[in-house]
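>>> predicted structure and sequence below. I'll ask about it afterward.
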Amino acid sequence: MGFDRRRHHESRFTPPFPLQDTQAYTMASDRMIITALRGTEPEQIKDWLSDTTTPPWPGPGPGGTGYVDYGFAEALDSVFPAVRDTLAEFRDNGQTVWFTGHSLGGALAMLAGARMRLEEPRLLADGIYTYGQPRTCDRLLAAVCDQDFAQRMFRFVNNNDIVPQLPPEPAYTHVEALRYIDTSGKVRDSMPLLTGLGDRAKGLTADMLAPASDTLRDHPVRRYIEALEKNLG
């Protein structure tokens, strides 16, 4: 695919920190640089989903812009210096810069883009794509991202995926950007409230024996890949 330079970033934590480790992967071609932040391992997802009471932490940038989830901030901080230095090293031809991630990786991708914007403006991301991203920050930082990344941020949510519904509001929220995947697998740029509620109810009743299972069934990255591939056709 032409990405001839690659670098792996990893940082491990010690118990009882709920995120066992953070991993990211940066690859560069002569046209673009992509940093992907790894999502949660399936056997670990219950650990950090259950830890929704972590205190807000000052957001990125000089003096801190808004607040973010403490666990996400710590996870990103463990790899961000290496990611930042790698981007500066690899970007030798004016390449575009992109961040992406699924689940926890989506939260870290959004925060990485915001932190780069506020701390290293010359490396303003050309795009941020997240899939099944949890709520990550407060309304102030979300508003900054809405403004600075207008038409550059794409947050995909698959129907009843439980992860984008956590941690709970009002402490944390989402950016406005949304690409909603309905029960038929179609990606929608917008979804009216009543239509969205009906579609979510349809997903919940797809398995009458275990209606709540839809919230977990919609989360795996393969479900997002299947829907996106279907929409390419």
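Noted; the coordinates are in hand.
>>> state the mean pLDDT of the lengthiest helix in the chain.
Using DSSP state H to define each element, the chain has its longest helix at helix 104-119. The pLDDT scores in helix 104-119 average 94.
>>> counting contacts, what elements does it pack onto?
strand 32-37, helix 70-77, helix 80-90, strand 96-102, strand 127-131, helix 139-148, strand 153-158 (3 or more C-beta pairs under 8 Å, 6 or more residues apart in numbering; DSSP states H and E). (C-beta placed from N, C-alpha, C; glycine too.)
>>> so for stretch 90-101, what gets flagged as buried?
90, 91, 95, 97, 98, 99, 100, 101 (16 or more other C-beta atoms under 10 Å).
>>> go ahead and name everything in contact with it.
5, 7, 26, 28-39, 87, 106-110, 112-113, 116, 123-131, 133 (C-beta atoms under 8 Å, 6 or more residues apart in numbering).
>>> let me know the next secondary structure element after the lowest-mean-pLDDT helix or strand in the chain.
Ranked by mean pLDDT, DSSP states H and E, the weakest helix or strand in the chain is helix 45-49, scoring a mean of 55. Following helix 45-49 in sequence order, the next helix or strand is strand 56-58 (DSSP states H and E).
>>> mean confidence (pLDDT) on that following strand, please.
For strand 56-58, the mean pLDDT works out to 91.
>>> over to stretch 133-140?
The average pLDDT within stretch 133-140 is 94.
>>> pull up the distance across it, start to finish.
End-to-end distance for stretch 133-140, by C-alpha to C-alpha, to the nearest Å: 18 Å.
>>> distance of residue 180 from residue 190?
In this view, residue 180 and residue 190 are 8 Å apart by C-beta to C-beta, to the nearest Å.
>>> who's more crowded, those two?
Neighbour totals were compared for residue 180 and residue 190, and residue 180 leads with 19 against 9 (other C-beta atoms under 10 Å).
>>> quick one: low-confidence parts of this structure?
13-20, 41-53, 191-197, 200-201, 203-213, 233 (pLDDT under 70).
>>> having no further points to raise, I will conclude here.
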